[in-house]
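**Q** got a sequence here, can you model it:
(3 chains)
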Amino acid sequence: MASATHGKNAAIPGLTPKVRITDPASAASDKDAHLRFQISNLNFFYGPKQAVFDLNLKIPAGKITALIGPSGCGKSTFLRTLNRMNETIRNTRIEGEILLDGQEVLKMDVVGLRRRVGMVFQRPNPFPKSIYDNVAYGLRINGYQGRLDELVEHSLRRAALWEEAKDYLHKSAFALSGGQQQRLCIARALAVDPEVLLLDEPCSALDPVTTAKIEELMFQLKDSCTMVIVTHNMQQAARASDFAAFMLDGRLIEHTETSKLFTTPTDPRTEAYITGRFG
Amino acid sequence: MSSTATAISHGVPPEAGLRAFVRRLKHGDEIAHVITLMFAAGILLITSMLVYELWVNSHLSRTKFGWMFFWTRVWDPIFDNYGAAPFIYGTLITSAVALLIAVPLGLAGAIFLAELAPRNLSDSVAFLIDLLAAVPSVIYGLLGIFIVVPFVRTTLGPALKASFGYLPLFQGPNYGVGFLTAGIVLAIMVVPFIISVSREVLLTVPRDQREAALALGSTRWESTWKVVVPWARTGILGSIFLALARALGETMAVTMVIGNAPNISASLFSSGDTIASVIANQFAEASGDLYLSALIELGLVLFLMTFILNGLARILIVATERGAGHPS
Amino acid sequence: MNLRLTWRKSLNGVMLTLTGVAAFAVVSILFLILGYLFWNGGRSLNWDFFTKLPKPVGESGGGMANAIVGSLKLLLLAAVMGLPVGLLAGTYLAEFGGKTFAYVIRYTTDLLNGVPSIVIGIFAYSLTVLPMRHFSTLAGGVALGIMVIPITVRSTEEFLRAVPGSLREAAMALGASKWKTIATVILPAASGGILTGMLLSLARVAGETAPLLFTAFSNRFWSPGWGQPTASLPVMIYTYAIAPYDDWHRQAWAAGLVLLALVLVANLGCRFALNRRGSARSV
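**A** Model (predicted):
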C-alpha cells in the first residue's frame, strides 16, 4: 500500500519511461536543493490589517515542517502565500520574497506554481464527480490524455486509498467516509506530482484512527514530496514532523528541529505555548 | 373583559366567571382561525374554479375535435374548423429561439456576477437586472415593434440570408415580424430570470470547491466551468425551465411582433402565432360558441404546459437548495 | 507543455471577458429601454395627455385621461378584491396553518402565480363577462384581483414569520390571546414589509395587458361606474402601437413612459424599503 518512490526523479513502478511532469527550470539550482522554500521578509496584509510580520523561514526539502501556534497567529495565512491562494481573496497585499528552488514565487506563473505546490484543505472537498474523475482532474486539465488509468492508480496508492477504492473507482466521491475523502483529496493533489504538498489542518475534521493513517502516509511520502503542515494539535506536530516553526501574532518566534523545539525551546513564548499555558 | 367585571359585581362565584372568560378568549381565537382558514381555502377554491371553468367552457371544442385538435393545422373561423397545431408549433419555435439566445447569455452573465465581479458590483447589477423583470410585457412589445422589427427587417435578416440563406430556416420573405423577432424579444424578457436564479445558485457553491480546483493549478475559467457550474447544474437547469415557463405564457410582446397568422413554416422569418398570442388577438372578437370554445381549449392547453414546467422547475431548484452537489 | 498552458490561459482570458460582455449587454438593455422611452415618450408627453380624451380615429391630438382613470379604477378593484384575501391567507399560513393543509395552500398559491395572465383573463371572462353579457371594469378588476393574491400571500407570510418570537412571547405573557397578539403586535410589526409587498403586487398588475383585452376591453370615452368597459393604460399602448397612425405611435410612447415610470418607481421604492428593513431585521 505504500509508495515505492524515493527521490525526485525516480521512475514510477509499472510505468516506463519516467512520467514526471517536470518544469525544466526547477532542476536548475541544485546547490539550494536541500532547501525547498526560502522565505525572506514576508509581510502580508488583509486590506489595512497586517497578518504576517517580517517572516524569514527556510523549508528543507524532503522533510515535514509543521507550523504551530494559537488560533489567529497567521499560520494558515502564511501557508496560503506559498501557493498564492490568498490571491483569491480581494484586497490582500504581500511584500517580501518567496523562493521555490531558487525561483521567485511571486513573479512566476501562478497556474504553473499551483501545479508544483499542491494543497490539502481542512475539510475534505472532493468534486461532485467519481473517485476516478477526482484524481484525474488535475491530469486532464494539464492535457495528459494517455496513461490516465495508471496514474490514477499510482496516486491512489500513494495516498493509501487504492485497496479500499479500486472496486469503486467510478462511484461518487461522496460515497466515501470523511477520512477516505481526505485521502482522496491527497491523492488528487498528488496526481500532478507536486514537489511540495501544503496541508492546512488536514486532520482537524477526522477521528484519531484516520488521523494516524494520514500521519503514516505523510511519513511515507516525504522523500518524494516536501510537506508543510499547519496544525493546532501539538501532539501531532511533535510526532509527525521533522521541523517545527512556532508563530505568534503573525511573527515567527522559533524554528528548529521538532525534537529540539519541544524539549528545549529557546524562546519563553514557545515554552509557554507548548506547555499549554495559552492557545 | 366585561364578563369578569359583571361576575364580580353580581356576586357570581369567580370560577364560573373565569370559565366564561376563558371560553370567550378561545372563541376569539377560533373565529380568527376560521376566518383566515376560509380565505386560505378561498385560494384553493379560486384555483379549482379556474381549472373547472377552463374545462367546462372548452367542452364544445373538445368534444367536436377530440385529440385531432392537436394535429389539425387549420384554423378557420369562417368554416368553424379549429386546430391547435400552428400555435403549438409557434409556441415551441419561439421558445426554442428564445432559449437558444437567452441561455448562453444568461449563464455567462450569471457566471460573471457570481464568480468574477466583486460582491458590491454583483449585487447592484443583480438589482438592476431584477428591475428588468418588472418591466411590463406591453412595453417590451412597444420596443419590439419600433426597434427589433426594423432591425430584423433591415439588418439582421439580410445578414442571415447572406450567410445562411441556403438553410430553409432563413428562406422566404422577411417583413421584420415573425418567429425570429418574437424569439428575440422573448429572449430579452427571459434572460433576467436565468441570470437571477443561476447567480443565486452559483453563489451557494461552497468556496472550498473552487479553492480545491485552483489549488490543483486550474485557471479561473477551468475552476468555474469544470467544477463550480457542474455543482450548480441542477439549479441552473431549474432556472431554464422557469424561463421556459415564462416564455410560454408571454403574450403581449409576442402578439405585437409575431405577425399573427396561423402558419407553420420552417422559415424563421415567417409570420405565425403562439397559443398565447392567438388568444390575445382573437378572443375579444370571437363570435360563435365553437370559436370561443376552441380558444378556451387553447387556454387549457397553455395552462397545462406551464403547470408542468413550473412544477419541474420547482423540483429542480428545491433539489439544489437541499445541497444536491452530489452527482446523480 | 508550454503551448498547452498558453492555450489554457488564452481561453481563460477570452471566456472570462465574454462573461463580462454578456452581463454588460443585459444591463445595457435596461438602460436602452429607459433611454428610448424617455426620448420618444418624453417628447410626446404634454398636459393634454393627462387631461384629454382620445380623439376620433384618424384625428391627431387628444390624450389618455380616460385610460389613466380606468387603470386607477382597475387597480382599486384589484386591491379591494385581492389584497384582503392575500393578507388573511398569508396570516393563516404563518400563524395557524397545520402541516399538510398549509403545504397544499402554498403549493396552490405558487401554482396560481405561475398561471399565464391571459389564462386568468379567460377565467375572469367566464366568471364575469359571460353572465353579464358584456365587458366591464368589474371583470378587469376580478382578473387583476386574482393576480394580486399570490404575491401578497407570500410576502405576508414571510414578514409575519420574520417577527421575532420574543415579541410574541411578551404579548402572550401579558395575557393576550393568540388573535389579539396577531392583530395588535405581530401584524403591526410586520406591517411595513406587508404593505411593501402589497404595493409590489399592485405595481405588477398595473402593467398587465393580456387579461384586460377581453374583460375590461377598452373604451374611447369615460367609463361611468363599474359595469362598463373601460380604457386602461396598457391596453391603450397596445392598441395605439399596432395601429398605422404616427400620432398614435407618439401617444403610445408617452403612455409607455408613464406606465414604466410608475412601475419602476414603485419597484425601486419597495425594494429599497425592503432592503433597509432586511438589514435592520438581522437581530
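
**Q** helix, strand, or coil at A:F45?
**A** With DSSP: H, G, I helix; E, B strand; the rest coil as the basis, A:F45 sits in strand.

**Q** residue contacts, it?
**A** A:A51, A:T92, A:R93, A:I94 (C-beta atoms under 8 Å, 6 or more residues apart in numbering or on different chains). Heads up, the C-betas are built off the backbone N, CA and C, glycines and all.

**Q** so which residues of chain A form strands?
**A** Per DSSP state E, chain A carries strands over the ranges A:35-46, A:49-60, A:64-68, A:92-100, A:103-104, A:117-120, A:196-200, A:226-230, A:243-248, A:251-257.

**Q** sorry, wrong one. I was asking about the stretch 51-200 of chain B.
**A** Counting by DSSP state E, counting those that start in this stretch, one finds strands in the stretch 51-200 of chain B at the ranges B:75-76, B:81-82.

**Q** separation between B:M38 and chain A?
**A** Distance, B:M38 to chain A, by C-beta to the nearest C-beta, to the nearest Å: 47 Å.

**Q** contact residues of the stretch 101-250 of chain B facing chain A?
**A** B:118, B:206, B:208-219, B:222, B:226-227, B:230-231 (C-beta under 8 Å from any C-beta of the partner chain).

**Q** and if we set it to 10 Å?
**A** Counting by C-beta under 10 Å from any C-beta of the partner chain, the stretch 101-250 of chain B comes close to chain A at B:118-119, B:205-220, B:222-223, B:226-228, B:230-233.

**Q** so which of these sit within helices?
**A** The helices, defined by DSSP state H, take in B:119, B:207-215, B:220, B:222-223, B:230-231, B:233 from these.

**Q** which ones are touching the nearest residue to B:P150 once chain neighbours are set aside?
**A** Leaving aside its sequence neighbours, B:P150 sits nearest to B:G176 (C-beta to C-beta, 6 or more residues apart in numbering or on different chains; 6.1 Å). Residues near B:G176 by C-beta atoms under 10 Å, 6 or more residues apart in numbering or on different chains: B:145, B:148-154, B:156-157, B:257, B:259, B:269.

**Q** of the residues you listed, which is the most crowded?
**A** Neighbour tally across these (other C-beta atoms under 10 Å in any protein chain shown): the maximum, 31 neighbours, falls on B:V257.

**Q** which residues touch it?
**A** B:94, B:140-141, B:143-145, B:148-149, B:152, B:176-186, B:271, B:277, C:242.

**Q** can you tell me how far it is from B:T91?
**A** Remark: distance between B:V257 and B:T91 (C-beta to C-beta, to the nearest Å) = 15 Å.

**Q** B:L116 now?
**A** Separation of B:L116 from B:T91 (C-beta to C-beta) stands at 35 Å.

**Q** thought B:L142 was touching C:N40?
**A** Yes. Applying C-beta atoms under 10 Å as the test, B:L142 and C:N40 come out as touching, 9.1 Å apart.

**Q** what about residue 121, how many neighbours?
**A** In the absence of a named chain, chain A is used. 20.

**Q** switch to chain C, that's the one I care about
**A** By the measure other C-beta under 10 Å, the count of residues near C:G121 is 32.

**Q** with the one 4 residues further on instead?
**A** Residues contacting C:Y125 under the criterion other C-beta under 10 Å number 25.

**Q** same thing with the one 4 residues further on?
**A** If you count neighbours by other C-beta under 10 Å, C:V129 ends up with 25.

**Q** just give the nearest non-adjacent residue to it, would you?
**A** Per C-beta to C-beta, 6+ apart, closest to C:V129 is C:A139, 5.0 Å.

**Q** ok, that neighbour to C:A78 distance?
**A** Between C:A139 and C:A78 the computed distance is 12 Å (C-beta to C-beta).

**Q** more neighbours: the two, which one.
**A** Between C:A139 and C:A78, counting by other C-beta under 10 Å, C:A139 is the more crowded of the two (32 against 25).

**Q** tell me which helix or strand that one sits in.
**A** With secondary structure defined by DSSP states H and E, C:A139 is part of helix C:137-162.

**Q** and for residue 80, the neighbour number?
**A** Answering for chain A, as no chain was given. A:R80: 22 neighbours (other C-beta under 10 Å).

**Q** oops, I was thinking of chain C
**A** C:V80: 12 neighbours (other C-beta under 10 Å).

**Q** list the buried residues in the host helix or strand of C:F24.
**A** If you go by DSSP H and E, C:F24 is part of helix C:2-36. In terms of neighbour count (16 or more other C-beta atoms under 10 Å in any protein chain shown), helix C:2-36 has its buried residues at C:5, C:8-9, C:12, C:15-16, C:19-20, C:22-23, C:26-27, C:29-30, C:33-34, C:36.

**Q** show me where pLDDT drops low in chain C?
**A** Scanning chain C for pLDDT under 70 picks out C:1, C:276-283.

**Q** could you list the domains of it?
**A** Per automatic domain parsing, the structural domains of chain C span C:2-44, C:48-280.

**Q** hey, what's A:E97 bridged with?
**A** Counting by DSSP bridges, A:E97 forms beta bridges with A:S40.

**Q** contacting residues for the residue nearest to A:T77 when sequence neighbours are not counted?
**A** Nearest in space to A:T77, with sequence neighbours left out and distances taken as C-beta to C-beta, 6+ apart, is A:A51 at 4.8 Å. By C-beta under 10 Å, 6+ apart, the contact set of A:A51 is A:43-45, A:72-74, A:76-78, A:81, A:86, A:92, A:249-250.

**Q** what's the ChimeraX line that selects buried ones from the residues you listed?
**A** Selecting only the buried entries of those in ChimeraX, with 16+ other C-beta under 10 Å as the criterion:
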select /A:44,73,74,76,77,78,81,86,92,250
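
**Q** what's the closest of the contacts of A:A51 to chain B?
**A** Of all the contacts of A:A51, A:N86 has the smallest distance to chain B: 10.8 Å, by C-beta to the nearest C-beta.

**Q** okay, how far is it across stretch A:52-66, tip to tip?
**A** Taking C-alpha to C-alpha, to the nearest Å, stretch A:52-66 runs 17 Å from one end to the other.

**Q** list the contacts for the residue of the stretch 101-250 of chain C found nearest chain A?
**A** Proximity of the stretch 101-250 of chain C to chain A (C-beta to the nearest C-beta) peaks at C:D110, 28.4 Å away. Taking C-beta under 10 Å, 6+ apart as the criterion, C:D110 is in contact with B:N310, B:G311, B:R314, C:P150, C:V153, C:R154.
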